[in-house]
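# I need the structure of the sequence given here:
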Amino acid sequence: MYFDDKDFLQKVRFQKILWAMGYWSRIEIPIVIYEDDNKNKKLQKHYLTDIDVYGEIIQPDFSFTKSIGDCKSGKNVKVFERLFWVSGVKEYLNAEHAYLVKKSISSKAKIFMPKVDVKGVDDQSLAEMESIFHSMQLVLFSNNYYKARIEMINQLSDEYKKIYDYMNTRYWFTDLNVSMKVLMTMLKKRSFYNSFTKNNKVHSFLLLEICIMLSRTLMDCCRYIMSRDLTNVEKSVMEYMHGGIDGYNNKMQMVREISIPIKEIFGTEEVANKILVKPDYYDELLKIIITLLGESSHTKDVIRYLELMQHEILLETTIDYTQITGLQYSSVGHKIAKDIVAFYLKTNKIDNHFFDDIFLK
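Here you go, the predicted structure:
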């Protein structure tokens, strides 16, 4: 992981460039597929490859603009084969931009690249991009940061490791509405979340990682509402949680079918609705969704602010957010990022003062 890869330096340099361009970015996102294993009666995971550098920007309508980078520092790379691979990954992820970052790129390859809609970045171009976007001045994604991140990940065990493994692999290839439900309920073991303490870096790191991934699902929910029915946010949120209008209608049909026996047992039909349709965190979820929709022009950097908070936890330092984001800094967006964390802490019954050290600076 990270330092073992000879392309690590290239990845970090390009990651910084994407960040300086306004993207939230991560490196080494695995591409996996899951299929039924009939013999063992469980899902079998198959690791295919990974995305060297991934970046996304949240637009005012909550759509995602995605970019990927494939980094290769070796001399024996078959560039044309690589271009088709990058193009295929771009299409698979529905990304708008794809880059091949390579030490040198022949003129023939550069001429061919537009045909597969991949941009070439050789060492000279990489240095020029760093100069244009001033990415080398960023204090983010340093060697110390990645060392601290590796140390943190290596400390995870038992339930903590399971949670992180989900967010690092399966999360990326699960529908975001499903991931929302998984993230919202993964800490529901009372003995588990009651053990979270604010002075424990592992707990702080893990909670912020959850909030970063959860925020992407919240943005996707807003995207659905914007395209579905902005005049009925409550119903649109319900639809999103159940996989769209068809999934919601199927669930409501199920509720209607069991409402009579449920009423005979519990004396009310509301139990079926609460269990099958509306989760206990729904009201708080609706509040944060309405906040995001009402401040759509300030949501672009919300995930980036959460990433900066995690940097502060890992490196035990204070970051000047205005220096990192420059003129793009939004105090409203920064507050929304904190609101998302507060929402998650509240719905999981975790001390609401957990992150006071970074919230009150």
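
# can you pull the domain assignment for this protein?
Following automatic domain parsing, one finds the domains of the chain at 2-137, 143-242+277-359.

# I'd like the ones you listed laid out as TSV, including mean neighbour count, mean pLDDT and distance to residue 258.
For every residue, glycine as well, the C-beta is placed using N, CA and C. Formatted as TSV, those follow (neighbours: other CB atoms under 10 Å; pLDDT from 0 to 100; distance: least, CB to CB, whole Å):
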stretch	mean neighbour count	mean pLDDT	distance to residue 258
domain 2-137	17	91	27
domain 143-242+277-359	17	91	12
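
# these: which one's closest to residue 249?
domain 143-242+277-359 (8.6 Å; CB to CB).

# what's the end-to-end length of that closest one?
Start and end residues of domain 143-242+277-359 are separated by 26 Å (CA to CA, to the nearest Å).

# any idea how far the helix ranked longest in the chain is from the chain center?
Ordering each helix of the chain by length in residues (DSSP state H) puts helix 201-228 first. Put simply, helix 201-228 sits 7 Å off its chain's centre (CA atoms, centre = their mean, to the nearest Å).

# who are the packing partners of the next helix or strand after that helix?
Per DSSP states H and E, the first helix or strand lying C-terminal to helix 201-228 is helix 233-241. Helices and strands touching helix 233-241, by 3 or more CB pairs under 8 Å, 6 or more residues apart in numbering; DSSP states H and E, are helix 176-185, helix 201-228, helix 245-266, helix 282-294.

# export only the CA atoms of the first one, formatted as PDB.
Meaning helix 176-185. Output of helix 176-185 as PDB, limited to C-alpha atoms (Å, rounded to 0.1, in the frame of the first residue of the first chain):
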ATOM      1  CA  LEU A 176     -25.100   4.900  -2.900                       C
ATOM      2  CA  ASN A 177     -28.700   4.600  -1.500                       C
ATOM      3  CA  VAL A 178     -27.800   1.200  -0.100                       C
ATOM      4  CA  SER A 179     -24.500   2.500   1.200                       C
ATOM      5  CA  MET A 180     -26.400   5.200   3.000                       C
ATOM      6  CA  LYS A 181     -28.400   2.700   5.000                       C
ATOM      7  CA  VAL A 182     -25.300   0.600   5.700                       C
ATOM      8  CA  LEU A 183     -23.300   3.600   7.000                       C
ATOM      9  CA  MET A 184     -26.200   4.900   9.100                       C
ATOM     10  CA  THR A 185     -26.600   1.500  10.900                       C
END
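
# which helices and strands does that helix pack with?
So helix 176-185, by 3+ CB pairs under 8 Å, 6+ apart, packs with helix 201-228, helix 233-241.

# now what about the shortest one, what contacts it?
With contacts defined as CB atoms under 8 Å, 6 or more residues apart in numbering, helix 233-241 is touched by 177, 180-181, 220-221, 224-225, 228-230, 245, 247-248, 277-279, 282, 285-286, 289-290, 293.

# point to the residue nearest the middle of this structure.
Nearest to the mean C-alpha position of the chain, by CA atoms, centre = their mean, lies residue 213 at 3.8 Å.

# now do the contacts for it.
Residue 213 is in contact with 167, 171, 179, 183, counting by CB under 8 Å, 6+ apart.
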